[in-house]
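Trainee: Could you work out the structure for the sequence below:
(6 chains)
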Protein chains: 4
Amino acid sequence: MRIKDELKQEAIFKATIKLVNKIGFVSSSVSKIAKEANVSPATIYIYYKNKEDLLVSTFLRIKQQLGTAMLKNFDESKPIRDVFRTIWFNSFNFIQINPDLINYVEQFQNSPYYDLIDIKAAESSFEPVLMMIKKGIDQKIIKDVSLDMIGAFIYYPIMILSNPRRTRNIKLDKKTIEKAFQLAWDAIKL
Amino acid sequence: MRIKDELKQEAIFKATIKLVNKIGFVSSSVSKIAKEANVSPATIYIYYKNKEDLLVSTFLRIKQQLGTAMLKNFDESKPIRDVFRTIWFNSFNFIQINPDLINYVEQFQNSPYYDLIDIKAAESSFEPVLMMIKKGIDQKIIKDVSLDMIGAFIYYPIMILSNPRRTRNIKLDKKTIEKAFQLAWDAIKL
Amino acid sequence: MRIKDELKQEAIFKATIKLVNKIGFVSSSVSKIAKEANVSPATIYIYYKNKEDLLVSTFLRIKQQLGTAMLKNFDESKPIRDVFRTIWFNSFNFIQINPDLINYVEQFQNSPYYDLIDIKAAESSFEPVLMMIKKGIDQKIIKDVSLDMIGAFIYYPIMILSNPRRTRNIKLDKKTIEKAFQLAWDAIKL
Amino acid sequence: MRIKDELKQEAIFKATIKLVNKIGFVSSSVSKIAKEANVSPATIYIYYKNKEDLLVSTFLRIKQQLGTAMLKNFDESKPIRDVFRTIWFNSFNFIQINPDLINYVEQFQNSPYYDLIDIKAAESSFEPVLMMIKKGIDQKIIKDVSLDMIGAFIYYPIMILSNPRRTRNIKLDKKTIEKAFQLAWDAIKL
DNA sequence: GATGAATGAGTGTTCATTCAT
DNA sequence: CATGAATGAACACTCATTCAT
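Mentor: Purely as a prediction, here's the structure:
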């Protein structure tokens, strides 16, 4: 029964994220996740090798979703700033619709599990963005610094601003997002 | 009676940070910290009410150290950009000398313990920086956005860039730091 | 799945009573009980929510057994004194066969856990005895005092006399029990 | 300084009883008792060999007080029933004035420490009562049964009736005590 | 005599994982 | 495939007691 399988795996995936949101990464034990998914702890070990595998897989899957969302309406024929702006708003839209996914990502990235991740692979879906940035650098539109640094001023401010634990008194309305984009763009543009 | 051994408390403090660096926040149990400090687990409970108290106190103490370090040679009579640049380099210097302290802070801020912190109090030593930013906004030198947003483009890039887990292939040499400062300043300046 | 092992739960039940007998209520820790039952400490938490649940459940189960034993050959058509005498001997028989159960009950009733017990519910199996006493009061055979007081002169002397810790040099032979019954009956009869 | 010593020992004695009343025998640790007595844990070990010694000594001292109180106005020239009645009311008076002492005794007697007590010695102050009972037996006023059994119908009902944990809905007013005496006397009288 | 610091052994409980069905 | 039972190891924390002053 193929369908049943996928339903179960999906339930585990969702339960993992939901529970991490509810009680935090640290307190989310395998058996609690199993209970949240209405499944036996042993069942989780059918779909995942161990806890690490479960958490890492969940992370990678979210990353992929995030990558897809970011690149909606991606059109590299447009001016770089416009493309960049689209990505920026895509990100915030996704975050506003799926705050729990981003919370999971944040918590995961600050856990020891993150050390196990092959970043290149994890960020493969962001490849077009990287290409765009490189093009921007070539065209002297974006500053000539390492991609990691660009990321530090783009990707992470997004994460921080959308993390209610970090910025407890900011509201992500359209105007705020627009301003944030302005800062980010000013940072990286030549 | 036996005199309260300052060395012992210091050993616990250092062991906590060292262990969080070695094995991560989550895995750092009280007994492991005790072992690292060459102390009985029970001894920790002489100096701290419980694990939370240990972790929170350690965090606050680091924050204070960081605040002091940041404000070295702080001279508000100088142009804002210069003051800002001094703080920027102070931060990176401190981080380069004490990478483990910053790693602890980062991990702490992404733990549920951070929710317990009174941010205002924790960041009181950063007050002069906030004042400077406000002055910059008034003088139309810095963009008129919320402090949280300024922070997202200043404080957090510093943290990220200096977190080897996050940016595994960046070297914090003088040139890189200078460049990073350029991006940060461009982001917030009007 | 592995089937829930009735034998295991039974082993825990018996180990609890045995250990309380051997080393006392206070010193009987969960891990010691587990060891006595040849079971992992964690296993106990499959069958009981926590230590309190284990101890309370064990108490209630014994109480029920005691209630059943007391009421053997209960025949309310007989004269009250005879019914009462039957109960009295039933009790001592049960106690002689199961001295450890009674010791457990005694220790439990003097522990803080006893405060959690709903007495009405715990003594529901004694209901017929209470009814009989009430009938005896109505018929002017038994003194018109509160049930608690009747209990103090019936139930507790039984407990005390059968508790070797309390009365170290009494032997519960038939003659002694008969005498004890005489005292109890004289106390409550009108 | 003799005075200081005795004050300290007295403080420990009172703190022990108070704490056992507040949080129970089981939870009363040496350091908590020390805190309650405004004394260092180590100080307790100056006056008592160990915890057992502390608890046992406290018990014996209370027993002695109880014995003294019971025998107030003891006049063996009076009829046995009257003497007995006096003792009965003395007991209840003492209990009503010092409920915490009795609570301590009760808890102690159901602890493993009680096994260490030399009953003969502990009850030496009750000697006159025992003598009286023996005289009563000789004069064919009291039933010819062992002292332990007499005790089971006298001493323990007093304890039980005055233990609020055991008899949660009885009030020890004068009438109730009188009735209880009636039952006790009927039990043992020939 | 009096103290608070210090501790190894213990507490109740939860963990990630495996087993037997 | 799916399960709940079962577990040894670990968790945060407290204990009775001793040590050094």
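
Trainee: Quick one: low-confidence residue ranges for chain A.
Mentor: Counting by pLDDT under 70, chain A contains low-confidence ranges at A:1-5.

Trainee: Which residue would be the closest one in it to DNA strand F?
Mentor: Proximity of chain A to DNA strand F (Cβ to the nearest atom of the strand) peaks at A:Ala42, 2.5 Å away. (Each C-beta comes from the backbone N, C-alpha and C, glycine too.)

Trainee: Can you give me the neighbour number for that residue?
Mentor: One way to gauge burial is a neighbour count; for A:Ala42, by other Cβ atoms under 10 Å in any protein chain shown, it gives 11.

Trainee: helix or strand for it, which one?
Mentor: helix A:41-47 (DSSP states H and E).

Trainee: what's the answer for A:Ile170, then?
Mentor: With the criterion set as DSSP H and E, no secondary-structure element contains A:Ile170; it sits in neither a helix nor a strand.

Trainee: gap between it and A:Pro157?
Mentor: In this view, A:Ile170 and A:Pro157 are 11 Å apart by Cβ to Cβ, to the nearest Å.

Trainee: The two - which one has more neighbours?
Mentor: In this view A:Ile170 and A:Pro157 are compared by other Cβ under 10 Å, and A:Pro157 has more residues nearby, 24 against 21.

Trainee: Who are the contact partners of the closest residue to the more buried one other than its chain neighbours?
Mentor: The shortest distance from A:Pro157 to any residue other than its chain neighbours is 4.4 Å, reached at B:Ala152 (Cβ to Cβ, 6 or more residues apart in numbering or on different chains). Taking Cβ atoms under 8 Å, 6 or more residues apart in numbering or on different chains, we find B:Ala152 in contact with A:156-157, A:160-161, A:167, A:180.

Trainee: Same list (those) but as TSV, adding distance to D:Phe25 and secondary structure.
Mentor: Shown next, in TSV, are the contacts of B:Ala152 (distance: Cβ to Cβ, whole Å; DSSP: H, G, I helix; E, B strand; the rest coil):
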residue	distance to D:Phe25	secondary structure
A:Tyr156	57	helix
A:Pro157	60	helix
A:Ile160	54	helix
A:Leu161	57	helix
A:Thr167	52	coil
A:Ala180	62	helix
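
Trainee: on that earlier part again, joint contacts of A:Ile170 and A:Pro157?
Mentor: Looking at what touches both A:Ile170 and A:Pro157 (by Cβ under 8 Å, 6+ apart), there is no common residue.

Trainee: Tell me which stretches of chain A form helices.
Mentor: Remark: helices assigned in chain A by DSSP state H are A:2-23, A:30-36, A:41-47, A:51-70, A:80-97, A:99-109, A:119-122, A:127-138, A:147-161, A:174-188.

Trainee: what residues does the fourth one touch?
Mentor: Okay, so that is helix A:51-70. Here helix A:51-70 has contacts from A:12-13, A:16-17, A:30, A:33, A:44, A:47-48, A:87, A:90-91, A:93-94, A:98, A:101-102, A:104-105, A:108, A:111, A:113, A:116-117, A:122-126, A:129, using Cβ under 8 Å, 6+ apart.

Trainee: Of those residues, keep whichever come out buried.
Mentor: The neighbour count (16 or more other Cβ atoms under 10 Å in any protein chain shown) marks A:12-13, A:16-17, A:30, A:33, A:44, A:48, A:87, A:90-91, A:94, A:98, A:101-102, A:104-105, A:108, A:111, A:113, A:117, A:122-123, A:125-126, A:129 as buried among the contacts of helix A:51-70.

Trainee: Spit out the contact partners of the residue in chain A that chain D sits nearest to.
Mentor: At 27.8 Å from chain D, A:Ser27 is the closest residue in chain A, using Cβ to the nearest Cβ. Applying Cβ under 8 Å, 6+ apart to A:Ser27 gives the contacts B:Pro112.

Trainee: distance of it from A:Leu19?
Mentor: From A:Ser27 over to A:Leu19 the distance is 8 Å, taken as Cβ to Cβ.

Trainee: same thing with A:Asp100?
Mentor: Applying Cβ to Cβ, the value for A:Asp100 to A:Leu19 is 10 Å.

Trainee: Neighbour count: these two, which is higher?
Mentor: A count of neighbours by other Cβ under 10 Å puts A:Leu19 above the other of A:Asp100 and A:Leu19, at 22 against 15.

Trainee: That one contacts A:Glu36, correct?
Mentor: Yes - in this structure A:Leu19 lies within contact range of A:Glu36 using Cβ atoms under 8 Å: 4.9 Å.
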